[in-house]
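Engineer: Next comes the sequence, and after it the predicted model I'd like to discuss.
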Amino acid sequence: MSSWRWWICSLLFVATTVNYLDRQVLSLTYKEFIAPEFHWTDADYGTVTSMFSIFYAIACLFAGKFVDWMGTKKGYLIAIAVWSTGAVMHAACGWATAHLVDGLDSVAALRAVEAGSNIALAISTTSVYLFLLCRGILALGEAGNFPAAIKTTAEYFPKKDRAFATSIFNAGASVGALAAPLCIPPLAKSLGWEWAFIIIGGLGFLWMFFWQFMYDKPENSSHVNAEELAYIHQDDADEAAAAVPEAKEEQSIPFLQCFKFRQTWSFIFGKFFTDGVWWFFLFWAPAYFQDQFNAPASSPLGQGLIFTLYAIVTVLSIFGGYLPKIFVDKKGMDPYGGRMLAMLIFAFFPLVALLAQPLGVRSPWWPAILIGIAAAGHQAWSANIFSTVGDMFPKSTVASITGIGTMAGGIGSMIIQKVAGNLFDYAEEMGSSFHFFGFEGKPAGYFIIFCFCGLAYLIAWTIMKSLVPKYKPVTL
């Protein structure tokens, strides 16, 4: 049997890695480079990250349908071309701000402006809008990544292997976040923050070359032999379905009709409550380590803390997709039942985030380790919740349902990013008069958000289980 499906999975892994590298450039340059140059506050950064989330959410609503309409190959190419363009465009925000704000003659003049002055306010406001434009383009393209990747997984893997394959390509999020602190801050420090956006953003264009020449549907691929094709389609009703999907698999559910199914709402709530947790850690961890422990992202300590966090995520999360495979193969459970049991186990991992702030008073390494465990729980959860879509919906609608759920996750993330930014500024301003479980000021604000992050997965699992208690595929 050939193994071309794993080569395709490796391409999905690389695309997801690039996806998360592009997202991380802003968070790793914000506190040390962006904020001083553009006079940003945490509220400004919260606005940019929250609006990215809502742009991403809206785009996800249509991205899945777009991928279903364009097909996996073209849809993925267009998505990564758009987000790579948006990523590179960030580099021009300083130049554009200097030309749009009166009284400035160069990018270097941005930092020289007196903090708190009217011109500083004009710089921050103008630059926020420019970054929002770039983040909007980035979000528009990135929204297509997971619908296209999940659709590819449904095309190339049988149900019992999809969570494992998803966990492999989804580990690209962890690897991207892991590589980011090692390459982005040094690039920003040596070449300027603009070049960090240009170099990292350019990786997507390189990926497009490989996707163009390596991907075809398994039925049309010269690299997939009959044995592998039969293995891929082993869930189909008969031998003919191994070569050509059944007619009902080709029927697509109308977009609005998708919302009539409890299975759709289960996926929506699962994503809404949990995606924001991952994005909070992704966007705010570098700022947290600098605020709480004076460890900028470009410092050895800052790089070590962020690297440790995502090293834990990378190592632990890869097993997330393998656990339900054990439940299905060894325990004889149906794919959905095995996945939900695995997700319940992973829902307990983020509870350790409740200890991150209390133990942080002893050493900054404790929050790095505990947040890493919590984030690993998210990645394992994410690999399985994505695969529930392939379990219950026909292949022709997988990308659409994935887009709807990812939209819900984007909305949840928008809320937590905006609340976090405003809360941190407010807590810092109030100082010792702002209390939460023994912490004052900004540390108390971080502790509040960590508490939500720790509990979100158990809340989400309970809602999902109540909506879809047992395995129930959608029939047309």
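Structural biologist: Received it, and whenever you're ready, just let me know what you need. Computed from a predicted structure; not experimentally measured.
Engineer: Break down this protein into its strands, ranges please.
Structural biologist: Assigned by DSSP state E, the strands in the chain fall at 435-436, 439-440.
Engineer: right, and these - which one's nearest Pro358?
Structural biologist: Pro358 lies closest, by C-beta to C-beta, to one member of the strands of the chain: strand 439-440, at 8.4 Å. Every C-beta, even on glycine, is put in place using the N, C-alpha and C of the backbone.
Engineer: what about that closest one, distance to the chain center?
Structural biologist: 30 Å (C-alpha atoms, centre = their mean, to the nearest Å).
Engineer: Strand partners (parallel or antiparallel) of it?
Structural biologist: Paired strands of strand 439-440, with direction, are strand 435-436 (antiparallel) (DSSP bridges).
Engineer: circling back to that earlier point, turn the strands of the chain into CSV, columns for mean pLDDT and mean neighbour count.
Structural biologist: As requested, the strands of the chain are exported to CSV (pLDDT from 0 to 100; neighbours: other C-beta atoms under 10 Å):
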stretch, mean pLDDT, mean neighbour count
strand 435-436, 92, 14
strand 439-440, 92, 17
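Engineer: Can you add distance to His39 and give those strands back as CSV?
Structural biologist: Shown next, in CSV, are the strands of the chain (distance: least, C-beta to C-beta, whole Å):
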stretch, distance to His39
strand 435-436, 29
strand 439-440, 26
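Engineer: Which residues are in contact with Phe434?
Structural biologist: Contact analysis of Phe434 by C-beta atoms under 8 Å, 6 or more residues apart in numbering lists 426-427, 440-441, 444-445.
Engineer: Can you turn the buried subset of the residues you listed into a selection I can paste into PyMOL?
Structural biologist: Remark: buried members of the contacts of Phe434, expressed as a PyMOL selection using 16 or more other C-beta atoms under 10 Å:
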select buried, resi 427+441+444+445
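Engineer: Can you convert the contacts of Phe434 into TSV and add a column each for distance to Asp44?
Structural biologist: Formatted as TSV, the contacts of Phe434 follow (distance: C-beta to C-beta, whole Å):
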residue	distance to Asp44
Tyr426	14
Ala427	16
Glu440	24
Gly441	19
Ala444	21
Gly445	16
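Engineer: just the contacts of Phe434 now: which is nearest Trp193?
Structural biologist: Gly445 (26.2 Å).
Engineer: Pretty sure Ala91 sits against Gly202.
Structural biologist: No: using C-beta atoms under 8 Å as the test, Ala91 is too far from Gly202 to be in contact (10.7 Å).
Engineer: Show me the shaky parts of the stretch 301-450 of the chain.
Structural biologist: Residue ranges of the stretch 301-450 of the chain with pLDDT under 70: 318, 320-321.
Engineer: Kindly recompute the last result at 90.
Structural biologist: 310-340, 342, 376, 379-380, 382-407, 410, 431-432, 437-438 (pLDDT under 90).
Engineer: And Ala91 and Gly202? Which one has more around it.
Structural biologist: Ala91 (19 against 13; other C-beta atoms under 10 Å).
Engineer: contacting residues for that one?
Structural biologist: Neighbours of Ala91 in contact, by C-beta under 8 Å, 6+ apart: 194-195, 197-198.
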